[in-house]
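Asks: A structural model of the following input is requested.
(one chain, ligands or ions: 1)
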Amino acid sequence: MFAVLGALGVALQLEKLIIHNFRNLRQVSLGDLREFNFIHGINGSGKTSILEAIHTLALTRSFRSRKIDGVISYGCEDLIVRGELSPSPTTNTPNTIIGVRRPKKGAVLVKVNGEKLLTAGQLAGIMPVQVINPASFELLEGSPSVRRQYLDWGVFHVKHSGFFEYWPRYRKALQQRNSLLRRGNIDASLLAPWDRELVAMGVLIHEARLKHFALLSSAFDLIYGRLLSALDVGQNQEGAPPLTIAMTAGWKDEELSLAESLQKNLSSDLRSGFTKSGPHRADIDLRVGRNAAGDVLSRGQIKTVVCALKLAQSKVLLDQGISTVFLIDDLAAELDERRCEMVFKELVALNVQVFASSVRRTDLNDSWSLGKTLKRFHVEHGQVSEC
Ligand SMILES: Nc1ncnc2c1ncn2[C@@H]1O[C@H](COP(=O)(O)OP(=O)(O)OP(=O)(O)O)[C@@H](O)[C@H]1O
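Replies: Sure thing, here's the model as predicted:
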């Protein structure tokens, strides 16, 4: 039941957060959290760690580090994050209590309403989180895998897309096919069953992505258009070609089916020892005219595109009744005040819960919460106080 709460369209909001031994946050308890939660403090005080702890509550891991050793407070053996999620007041659903314990050695322990989850993956649907931080530039500048991950985040959270089941089967078929390819001189009949599975699952994955991408790109166009139109003419750079967004399948799908592509590329796959076509090679192509957007846009402009992409995902989910929690780390470091204000205007419209950090209190303006409930926190040497 609990694993699909988010997907049932219940607007969840994190109400309480308790953190133990998370970087410099030895023992922190935050209650009565609001729709907008602004956190400020000097460098190294522990702001990002709070956002990382919320991410860990949602997905059992930090967005900054995959290795848990460095995240657990120095000299401690484990970290614990507990959170209480309340549904929107219009529903009668009781609160959901999540607990995540990550020891230095051994397996992660996740409990939802006191019940132990068998796999950490079961947690993923409960509290969808989007992160906007300095590493978000990777969405435009990084490898295709970053954009595939971004796209699949949305596909995964959309109800009944079946995506959850297709991927493990696809991955297994791909691994088997690649290990046969690496053997070199093999009988093509050995590949046939794996090709069949790869095609069957690959087509389903591609279709689910296409469906989601159609919604995502329309939401992106609207949000990005609004962000741009709010900026002055000079910043809009009249005469510059418009930004375009397109999804590529991972093979030449306008010319060939996936089965035909695998067939056609067999000798080249055999030479390289891996499968070069399929949804595992899909990408999102963002261009300004003929140029890759990351090559021509400024840092601030890239960050604006990134914000629009993340906001668009939440808009698509919101239309399906699924709410998102936004973790925003130091937006003001890259965006000017007007752009920050416009991003927050979009967040208000999306009905999401926001945790945003900044070095100076004045970097996050009270007026940006626009009628949403707001609470402010100050962090100093890992101690958090309301202010
Ligand atoms: N495993 C750990 N145990 C204890 N302290 C740690 C650990 N890992 C990092 N720290 C420290 O925790 C502090 C909090 O880091 P955090 O990234 O949250 O700061 P921040 O307030 O976001 O800073 P900035 O404004 O520079 O981004 C830092 O002083 C860091 O050195």
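Asks: report the longest helix in this protein, please.
Replies: Counting residues, the longest helix found in the chain (DSSP state H) is helix 188-229.
Asks: Quick one: list the elements packing against it.
Replies: Using 3 or more CB pairs under 8 Å, 6 or more residues apart in numbering; DSSP states H and E as the contact criterion, the elements in contact with helix 188-229 are helix 144-157, helix 163-183, strand 243-248, helix 258-264, helix 299-319, helix 337-350. The way it works is simple: take the backbone N, C-alpha and C, and place the C-beta from them, glycine included.
Asks: how distant is the second one from the center of its chain?
Replies: Put plainly, it is helix 163-183. Its chain's average C-alpha position is 24 Å from that of helix 163-183, according to CA atoms, centre = their mean, to the nearest Å.
Asks: contacting residues around that helix?
Replies: 152, 155-156, 186, 190-191, 194-195, 197-198, 201-202, 204-205, 208, 269-270, 272-275, 278-280 (CB atoms under 8 Å, 6 or more residues apart in numbering).
Asks: do the shortest one as well
Replies: For strand 243-248, the external contacting residues (CB under 8 Å, 6+ apart) are 151, 209-210, 213, 217, 220-221, 224, 282-288, 293, 305.
Asks: in its sheet, what does that strand sit against?
Replies: strand 283-288 (antiparallel) (DSSP bridges).
Asks: Mind listing what's buried along the partner strand?
Replies: D283, I284, L286, R287, V288 (16 or more other CB atoms under 10 Å).
Asks: and what of stretch 215-233?
Replies: L215, L216, S217, A219, F220, D221, I223, Y224, L227, L228, L231.
Asks: could you redo these as CSV and give each row distance to A53?
Replies: Listed next are the buried residues of stretch 215-233 as CSV, based on distance: CB to CB, whole Å:
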residue, distance to A53
L215, 31
L216, 29
S217, 33
A219, 29
F220, 30
D221, 34
I223, 28
Y224, 31
L227, 29
L228, 34
L231, 34
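Asks: Go ahead and confirm I322 touches M127.
Replies: No. With contact defined as CB atoms under 8 Å, I322 does not reach M127; the gap is 10.3 Å.
Asks: which one of the buried residues of stretch 215-233 is nearest the ligand?
Replies: Nearest to the ligand among these is L227, at 24.7 Å by CB to the nearest ligand atom.
Asks: Tell me who's in contact with the closest one.
Replies: Counting by CB under 8 Å, 6+ apart, L227 has contacts T304, C307, A308, R339, M342, V343, E346.
Asks: can you pull the contacts of the nearest residue to the second one once chain neighbours are set aside?
Replies: It stands for C307. With sequence-adjacent residues excluded and distances taken as CB to CB, 6 or more residues apart in numbering, C307 is closest to V343, at 4.8 Å. By CB under 8 Å, 6+ apart, the contact set of V343 is L227, T304, C307, L311, L331, L335.
Asks: and if we set it to 10 Å?
Replies: 132, 223, 227, 303-304, 307-308, 310-311, 326, 328, 331, 335, 356, 368 (CB atoms under 10 Å, 6 or more residues apart in numbering).
Asks: Determine which two of those are furthest apart.
Replies: Spatial extent of the contacts of V343 (CB to CB) is set by the pair I223 and A356 at 17.8 Å.
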